[in-house]
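Chemist: Sequence first, then the predicted structure, then my questions.
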Amino acid sequence: MNEPVVLTPEQADSLALLRPALPPIFTSYYALFVLPLLEERVIDLEWDEDTGALETIGIGNDKAVLQIDWQALHAYERIEVCADIEKLVAHGVTIYHNADADIRKMRKNGVGISAGSHARLEDTMLADAVLDSEEAHDLGDLNRRRGRLPDYKHLRKVAPVEYNAGDLVSTYLIWKHGLLPALTADPAAMFIYRTMSIPFIDVAIEGEEAGIRTDALVPYPLLDKYRGKVEQARTLARA
């Protein structure tokens, strides 16, 4: 049985500010049937930081949010969700913050998509890198500079539902009211974003999935040694 989460005063205040800014949140994957009605939507995934296991697929915008608990789905339900996402991105506009990472994670879990299979793909991280190359491009920093939500990135462990919804809404609002107008006002930046940044996503995914050929006898012992060091560090941290 999971122990109840105890919020710090700062976390409680942040959550109280965030919740009124979020739209209705649906948790049944059957709600996927309403998503084609969202001509513009954000996709944002959550996965275990240690194992890399996919946990949540979040889809939505400032009007509605759907969160799919990937680990709770049966095998046939996962197949249906994969097919629905493939159909979804073939229409309208799909926005990511770091499309490379989210698309690779979906592909690894059976969703047969690429950047090229999207009717239109936007990426707030890439857009911000073009417009403000000297700034940090993580979503928390971007939300503080161009977003409309209160700071929420410290809530990941204590309020995962609101955290993911915050990522979806924040990404959407940053794109619609911050980055898209800025790109529109700067044709040179828009040209770089459209002709260089977005087309490179599939190139990056292909390279990362293919990896680099090596002599397996060399890296694997080093990987085992590294994992041992990580486990030692965790043990010391818990002591």
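Modeler: Structure received. Given the structure is predicted, the values throughout are model-derived calculations rather than measurements.
Chemist: can we go C-alpha only for contacts and neighbour counts from here?
Modeler: Noted.
Chemist: What segments of this protein are helices?
Modeler: Taking DSSP state H, the helices of the chain run over residues 9-18, 75-89, 99-108, 124-131, 139-146, 160-174, 180-184, 187-192, 200-210, 219-238.
Chemist: Most tightly packed of those?
Modeler: The highest mean neighbour count among those, using mean count of other C-alpha atoms under 10 Å, belongs to helix 160-174: a mean of 24.
Chemist: what's that helix in contact with?
Modeler: 15, 18-19, 22, 25, 41-46, 58-62, 65, 67, 95-97, 124, 139, 142-143, 146-149, 152-153, 155-156 (C-alpha atoms under 8 Å, 6 or more residues apart in numbering).
Chemist: now those residues: which count as buried?
Modeler: When those are checked for burial by 16 or more other C-alpha atoms under 10 Å, the buried set is 15, 18-19, 22, 25, 41-46, 58-62, 65, 67, 95-97, 124, 139, 142-143, 146-149, 152-153, 155.
Chemist: that older thread, residue 50: which of the helices of the chain is closest?
Modeler: helix 219-238 (10.6 Å; C-alpha to C-alpha).
Chemist: do you know how far residue 93 is from residue 181?
Modeler: 16 Å (C-alpha to C-alpha, to the nearest Å).
Chemist: Apologies, that question was intended for residue 228.
Modeler: 49 Å.
Chemist: what does residue 117 give?
Modeler: 25 Å.
Chemist: Next, the contact list for residue 114, please.
Modeler: Contacts of residue 114 by C-alpha under 8 Å, 6+ apart are 103, 202.
Chemist: hmm, try it at 10 Å
Modeler: Contact analysis of residue 114 by C-alpha atoms under 10 Å, 6 or more residues apart in numbering lists 86, 89, 99-100, 103-104, 106-107, 201-202, 205-206.
Chemist: and of those residues, the nearest to residue 53?
Modeler: The closest of the contacts of residue 114, once distances to residue 53 are taken by C-alpha to C-alpha, is residue 106, at 10.9 Å.
Chemist: Bridged to residue 66, which residues?
Modeler: Beta bridges link residue 66 to residue 26, residue 59 when assigned by DSSP bridges.
Chemist: right, and it touches residue 38 too?
Modeler: No. The pair residue 66 / residue 38 is not scored as a contact, 11.4 Å apart, by C-alpha atoms under 10 Å.
Chemist: more crowded one of those two?
Modeler: Neighbours were counted for residue 66 and for residue 38 using other C-alpha atoms under 10 Å; residue 66 has more, 26 against 18.
Chemist: any idea how far residue 233 is from the more buried one?
Modeler: Taking C-alpha to C-alpha, one finds residue 66 at 37 Å from residue 233.
Chemist: how far away is the residue nearest in space to the middle of the chain from residue 72?
Modeler: Centre of the chain computed as the mean C-alpha position; nearest residue by C-alpha atoms, centre = their mean is residue 44, 3.1 Å away. According to C-alpha to C-alpha, residue 44 stands 18 Å off from residue 72.
Chemist: Quick one, grab the pLDDT at residue 6.
Modeler: Looking at residue 6, its pLDDT reads 87.
Chemist: Surely it touches residue 158?
Modeler: Yes. If you go by C-alpha under 10 Å, residue 6 and residue 158 touch, sitting 7.9 Å apart.
Chemist: Looking at these two, which has the bigger crowd around it?
Modeler: Neighbour count, other C-alpha under 10 Å: between residue 6 and residue 158, residue 158 has more, with 17 against 9.
Chemist: give me the number of residues near the residue lying closest to that one once chain neighbours are set aside?
Modeler: Computed as C-alpha to C-alpha, 6 or more residues apart in numbering, the closest residue to residue 158 that is not its neighbour in sequence is residue 5, at 6.3 Å. Residue 5 is flanked by 9 other residues according to other C-alpha under 10 Å.
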